[in-house]
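*Asks:* Got a sequence here, can you build the structure:
(one chain, ligands or ions: 1)
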Amino acid sequence: MTDKIEIILNQHAGNGRSKNACRTITEFLDKISLEYEVHLTKKDGDAIRIARQLADLKLLTSKIVVIGGDGTLNQAVNGIKSSHFPDTALGYIPGGSGNDFCRGIKLKIKDPVILMQAILSMEQPRKIDVGYATGENFSHYFINNIGIGFDANTVYYTNHSKRKEFLNQMHLGTLSYFTNLLKVIKRQPAFGLKVTFKEHKKYFDSAYIVVATNHPYFGGGFAIDPTADPFNHHLNLVVVNKITGLTFVKLFGRLLFNGSHLQDKNVWHIETKKFTLMNQTKQQGQMDGEELNQHKFALTFHISQQLFWLPIKKEA
Ligand SMILES: Nc1ncnc2c1ncn2[C@@H]1O[C@H](COP(=O)(O)OP(=O)(O)OP(=O)(O)O)[C@@H](O)[C@H]1O
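*Replies:* I've put the predicted structure just below:
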């Protein structure tokens, strides 16, 4: 029996989409006379702190529900994992611009109130894979992916572009990503990369796109690895070598059209429980669409799980 909803809201996510979703949900909760409290994020990192504090209260008859984009959900998961009760479940109403996590877990319900009703009716939470990356001064869970190079650079340009807000307002977040993608094609250099997995070491002289991913999607719906599955207790790693001109366009077309880019000679991918990545020159990084800035990353990736109040058929 749920007698209260603790809402973690990032009202800036999705250019107002989260704020609107929260309004309709609180109207619905008022209507059914269910108690709730809205915990607003005011700055970066707030969703970590709020989720941790709520989990530490071990509220047995409340459900915590996040309303925001993938970045806000990422923070809430990290807050739960760093609490004294890391098995605390999280509900989620997507309100971002990309919403890759919900696409990746094949969440069918789009209407926030119907989703809230489904969350309320759930008696048992579902387990879904999340990634976990560690390095020197780095220890984070991620729900979608961590990318080094091309896609991270695209996130960087998208976040710093004046057109993002305009395109988001027009509900064209993916287009915003796409136009910046063209800019990055010109600017992203090739870089050296070392990958270690199982007993193997693999070196790339000219890595270009490097994505460790929990499910197929990045950038608001691009299926970088259509074979990735957020329920199989594995992470996938995709490395694309530097390609230019027509080769790039053709490969990108295959990615959009049928996912056959994975078979191209310039693309390498694995599916495994654990691997390490080291890039030899400083590159931009991204985690669930948030900038990690430029680093020579040395990260070990593991698979982990998080409990969610989300009505999905499959479970990890
Ligand atoms: N009150 C706030 N003001 C400004 N930024 C905030 C606030 N609260 C959280 N943030 C920042 O918002 C970012 C998270 O945005 P989020 O990813 O949830 O939305 P989005 O980018 O619109 O969605 P998506 O990632 O799904 O495209 C984080 O960087 C977080 O620190």
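
*Asks:* residue contacts, whatever residue of the stretch 201-316 of the chain ends up closest to the ligand?
*Replies:* Nearest residue of the stretch 201-316 of the chain to the ligand (Cβ to the nearest ligand atom) works out as G289 at 3.9 Å. For every residue, glycine as well, the C-beta is placed using N, CA and C. The contact partners of G289, by Cβ atoms under 8 Å, 6 or more residues apart in numbering, come to G69, D70, G71, G96, G98, D100, N144, V155, F218, G219.

*Asks:* From F101, how far out is the third one?
*Replies:* Which is G71. Using Cβ to Cβ, to the nearest Å, G71 is found at 10 Å from F101.

*Asks:* In terms of packing, which of those two has more residues around it?
*Replies:* Between G71 and F101, counting by other Cβ atoms under 10 Å, F101 is the more crowded of the two (29 against 21).

*Asks:* is it true that that one touches G131?
*Replies:* No. Applying Cβ atoms under 8 Å, one finds F101 not in contact with G131, separated by 11.6 Å.

*Asks:* between these two, what contacts are shared?
*Replies:* Common neighbours of F101 and G131 (criterion: Cβ under 8 Å, 6+ apart): I143.

*Asks:* ok, back up a step: so which of the contacts of G289 sit within strands?
*Replies:* Among the contacts of G289, the residues falling in strands (DSSP state E) are F218.

*Asks:* Can you narrow the contacts of G289 down to the ones near the ligand?
*Replies:* G69, D70, G71, G96, G98 (Cβ under 6 Å from any ligand atom).

*Asks:* how deep is the nearest residue to the last one once chain neighbours are set aside tucked in, by neighbour count?
*Replies:* Leaving aside its sequence neighbours, G98 sits nearest to G220 (Cβ to Cβ, 6 or more residues apart in numbering; 3.6 Å). G220: 21 surrounding residues under other Cβ under 10 Å.

*Asks:* Now L120: phi and psi?
*Replies:* phi -60, psi -30 (degrees, to the nearest 10).

*Asks:* Start at 744, not 1
*Replies:* All right, first residue 744 from here; so that's L863.

*Asks:* Return the residues in contact with it.
*Replies:* Counting by Cβ under 8 Å, 6+ apart, L863 makes contact with T745, L777, K806.

*Asks:* Quick check: which of the residues you listed has the minimum pLDDT.
*Replies:* pLDDT across the contacts of L863 is lowest for T745, at 92.

*Asks:* For the chain, what lies in contact range of the ligand?
*Replies:* Within the chain, the positions near the ligand by Cβ under 6 Å from any ligand atom are 753, 755-757, 784-787, 789, 811-815, 839-842, 1032-1033.

*Asks:* ok so, going back, taking the contacts of G1032 one by one, which sit in helices?
*Replies:* Using DSSP state H, the subset of these located in helices is D813, G814, D843, V898.

*Asks:* shouldn't the first one be in contact with F885?
*Replies:* Put plainly, it is D813. No. Assessed by Cβ under 8 Å, D813 is found out of contact with F885, at 9.2 Å.

*Asks:* what residues are shared contacts of these two?
*Replies:* The overlap between the contact sets of D813 and F885 (Cβ under 8 Å, 6+ apart) consists of D1031.

*Asks:* the more surrounded of the two?
*Replies:* Taking neighbours as other Cβ under 10 Å, D813 and F885 compare with D813 leading, 30 against 25.

*Asks:* quick check: domain ranges of this protein?
*Replies:* For the chain, automatic domain parsing gives the domain ranges 747-866, 881-1048.

*Asks:* P1054: which of those is closest?
*Replies:* Smallest distance to P1054 across these (Cβ to Cβ): 4.1 Å, for domain 747-866.

*Asks:* quick one: the strand or helix carrying D773 to chain centroid distance?
*Replies:* Using DSSP states H and E, D773 maps to helix 760-774. Offset of helix 760-774 from its chain centre (Cα atoms, centre = their mean, to the nearest Å): 23 Å.

*Asks:* After it, which helix or strand is next?
*Replies:* Helix 760-774 is succeeded, C-terminally, by strand 778-783 (DSSP H and E).
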